[in-house]
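Undergrad: let's see this in three dimensions:
(chains A and B)
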Amino acid sequence: MQPITCHECGTRVLVEKYSEIHTSVQWLEDAEAACPEFARLAEQGTHSAFVSTCMALRRSIGAAVREGRVPESRFSEPAPLPTEGR
Amino acid sequence: MGDMVAEDEVRLIEAGSNPTRFARGWHCMGLADSFRDGRPHEIKVFGQTAVVFADSSGKLHMIDAFCRHMGGNLAKGTIKGDEIACPFHDWRWNGEGRCTNVPYARRTPLRARTTTWLTLERNGLLFAWNDPQGNPPPPHVTIPEIEDYGTDRWSSWSWKSYLVEGAHCREIVDNVVDMAHFFYVHYQIPHYFKNVFEGHVATQHMRSTGREDIKTGVQMDLPEAVTRSEASYYGPSFMLDTIWTESGGETIEAKLVNCHYPISPDSFLLQYGIIVERKPGTGVEQAEEMARTFTDGLEVQFLQDVEIWKHKSRIENPLLTEEDGPVYQLRRWYQQFYVDVEDVTPEMVQRFEFEVDCEAAVAKWQAESRENAARENSAQA
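TA: Purely as a prediction, here's the structure:
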């Protein structure tokens, strides 16, 4: 996964693209603490767990993709296995 | 030992074994009112036997079914006032799990305490909190209230349950990321599919249409219906799904519950229910009828899930394509409920997003269902 920094708030996430449409994003911090957009929504009563995406981060990822910083990859093994094998 | 050897190697399934521990979290026990018939109810759950009973105020309690005196089954006993009385020697136990009275004895062992579960009633459903460590739930770990539940806006629950034996309940949770099974098992074509895992919540955002060859009640028999769905697991076992069925400029909103509680490491009770929004101008009967149609449609689908689970292997190392959802990350999230709370790692709870690219799948599935429909039409002609 490629590290990407949000243009708006500087939050660093890991991104993977299998195709133009597919995106996975691994956050490395508490989302509501790190992202002002999620913090704002949480204050209004909608927690980030129920929000599908932060548009600012989505734009930053889009820009990184256009700049060729997130090369497309395939599902690869070993998969990130959960701890203790469950 | 070149690459060729590795490529041709037989892939073996790592079946693993079912955890013997039961997940930490709120579990739905069923419709709350079904426990308020004046009788105690036995429930096999979390590897134990529990009894649910209502006190004189109607509040529901869940305690271990076996009387600490001589092991009588309280679920076969009688509710007397606010207590449950054992059928064996009439020992009385209250909802806090305390022995309050031994009618024939000079002394009551007041300090004796039996196992209890914290209960919660929400949206007409009864929940029990399970935690092998015995901690209460953190305040933010709860079940959300459905807006306007209990008002004229919603039909009453159309509720069903199904005993699944020979499978661990992880199988049902896996479905939350399984984009492709929606076509084969649930007769839907997902056009948009995204998962978000964060904290104790796992969400699936989906937009789907029906198949041309197989129609189900879930489309409410509406032609060209588009279904939008936002489904979240609140903890390990309770999914609340808001479904908007859109057709001809009309939108019908429904709430679907898909939940389970574990009975043993390889059996669980699957439960599902639907309430449908009553549109202004539609009568009570019509809304109830729609809920029934929807639930009947769902039943067909769930039973197909069940048929898969009954006969499949447990698999720790699924072989995935790019169109499959994030099974491994979902299981990493799910694992948080099976470890002590001190052992929950950041990776289990940190936000993870995964949007599946459905484009290729949609094109293939639309073609396949169109061909099937055409073949059926010409066979009938």
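Undergrad: how about stretch A:18-33 as CSV, C-alpha atoms only?
TA: In CSV, the C-alpha atoms belonging to stretch A:18-33 read as follows (Å, rounded to 0.1, in the frame of the first residue of the first chain):
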residue,chain,number,x,y,z
TYR,A,18,-6.6,-2.6,-8.1
SER,A,19,-8.2,-0.6,-10.8
GLU,A,20,-9.4,2.9,-11.6
ILE,A,21,-12.6,2.3,-9.6
HIS,A,22,-11.2,0.1,-6.8
THR,A,23,-9.7,1.8,-3.8
SER,A,24,-8.7,0.6,-0.4
VAL,A,25,-7.7,2.9,2.3
GLN,A,26,-6.0,1.9,5.6
TRP,A,27,-6.2,4.7,8.2
LEU,A,28,-3.3,4.7,10.7
GLU,A,29,-4.9,6.9,13.4
ASP,A,30,-8.3,7.5,14.9
ALA,A,31,-10.3,8.9,11.9
GLU,A,32,-12.3,11.4,13.9
ALA,A,33,-9.3,12.7,15.7
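Undergrad: okay, now B:Pro265: neighbour count?
TA: Using other CB atoms under 10 Å in any protein chain shown, the number of residues around B:Pro265 comes to 15. Where C-beta positions appear, they are placed from N, C-alpha and C, glycine not excepted.
Undergrad: revised request: answer the last question for B:Gln286.
TA: Neighbours of B:Gln286 (other CB under 10 Å): 14.
Undergrad: which helix or strand contains it?
TA: helix B:284-311 (DSSP states H and E).
Undergrad: helices and strands around the helix or strand following that helix, which ones?
TA: Of the helices and strands lying after helix B:284-311 in sequence (DSSP H and E), the nearest is helix B:327-334. For helix B:327-334, the elements it packs on are helix B:170-174, strand B:188-198, strand B:201-210, helix B:346-349, strand B:352-356, judged by 3 or more CB pairs under 8 Å, 6 or more residues apart in numbering or on different chains; DSSP states H and E.
Undergrad: pLDDT of helix B:327-334, averaged?
TA: Averaging pLDDT along helix B:327-334 gives 96.
Undergrad: just stretch B:182-199 next, same as before
TA: 95.
Undergrad: quick one: it near chain A?
TA: Yes. Under the criterion of CB under 8 Å from any CB of the partner chain, stretch B:182-199 makes contact with chain A via B:Lys194, B:Val196, B:Glu198, B:Gly199.
Undergrad: of those, which pair is most distant in space?
TA: Maximum pairwise distance among the residues of stretch B:182-199 next to chain A (CB to CB): 17.2 Å, between B:Lys194 and B:Gly199.
Undergrad: before we move on, back to that, could I get the residues of stretch B:182-199 next to chain A as CSV with neighbour count and distance to A:Lys17?
TA: Converted to CSV, the residues of stretch B:182-199 next to chain A look like this (neighbours: other CB atoms under 10 Å in any protein chain shown; distance: CB to CB, whole Å):
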residue, neighbour count, distance to A:Lys17
B:Lys194, 22, 14
B:Val196, 24, 17
B:Glu198, 23, 21
B:Gly199, 20, 25
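Undergrad: which of the residues you listed sits closest to chain A?
TA: B:Glu198 (4.0 Å; CB to the nearest CB).
Undergrad: for residue 28, what are its contacts?
TA: Since you didn't name a chain, this refers to chain A. Taking CB atoms under 8 Å, 6 or more residues apart in numbering or on different chains, we find A:Leu28 in contact with A:Arg12, A:Val13, A:Leu14, B:Gln350.
Undergrad: the intended chain is chain B.
TA: Applying CB under 8 Å, 6+ apart to B:Cys28 gives the contacts B:Leu125, B:Leu126, B:Phe127, B:Ser237, B:Phe238, B:Val257, B:Cys259, B:Tyr261, B:Gln271.
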